[in-house]
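**Q** build me a structure from this.
(one chain, ligands or ions: 1)
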Amino acid sequence: MICPQCSENRVHRSRRKGFVEQFVLSAAGVYPYRCSSCKNRFMKRRDPSQSARRSLWSDPPPWLSALLWGIVAVAIALVIVGVVAQRASLK
Ligand SMILES: [Zn+2]
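**A** So this is what the prediction gives:
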């Protein structure tokens with residue numbers, strides 16, 4: 001997280017103040033932040049990419065999707081081989 005005022009990477013979560021921040025913005029996923037450098041306070045929506053668990057399923061890394069598709073392809077191949085072998089043994 002980078003401060004929009006001074007572009008320093010010294011931003012931390014600030015405490016919510018008042019009804020709007022506690023309930024309205026919280027429901028919208030917006031959080032207050034404060035910059036340690038310039039003391040600027042600003043509101044920002046939490047970056048979904050910061051949540052590792054959520055980003056893994058909504059946007060999996062290439063190796064993971066390749067692995068999953070590899071497993072699916074092997075499973076389909078095993079089913080086809082199994083059906084063919086069963087038919088061959090029935091003859
Ligand atoms: Zn700042």
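**Q** domain parsing for this structure?
**A** Structurally, the chain divides into domains by automatic domain parsing as follows: 1-51, 60-91.
**Q** show me which residues of the protein sit near the ion.
**A** 3, 5-6, 8, 35, 37-38, 40 (Cβ under 5 Å from the ion). Using the backbone N, CA and C atoms, a C-beta is placed for each residue, glycine as well.
**Q** ChimeraX command to pick out the buried ones of those residues?
**A** Selecting only the buried entries of these in ChimeraX, with 16 or more other Cβ atoms under 10 Å as the criterion:
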select :3,35
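**Q** in strands, which of the residues of the chain next to the ion appear?
**A** Counting by DSSP state E, the part of the residues of the chain next to the ion found in strands is Cys35.
**Q** tabulate the residues of the chain next to the ion (TSV), appending pLDDT.
**A** Converted to TSV, these look like this (pLDDT from 0 to 100):
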residue	pLDDT
Cys3	94
Gln5	94
Cys6	96
Glu8	93
Cys35	96
Ser37	95
Cys38	97
Asn40	95
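**Q** closest to Gly18 out of the residues of the chain next to the ion?
**A** Closest approach to Gly18 among the residues of the chain next to the ion (Cβ to Cβ): Asn40, at 18.3 Å.
**Q** who's in contact with the nearest residue to the closest one once chain neighbours are set aside?
**A** Nearest residue to Asn40, sequence neighbours excluded (Cβ to Cβ, 6 or more residues apart in numbering): Gln5, at 4.2 Å. Residues in contact with Gln5 (Cβ atoms under 8 Å, 6 or more residues apart in numbering) are 35, 38, 40, 42.
**Q** deepest of the domains of the chain, which one?
**A** domain 1-51 (a mean of 13; mean count of other Cβ atoms under 10 Å).
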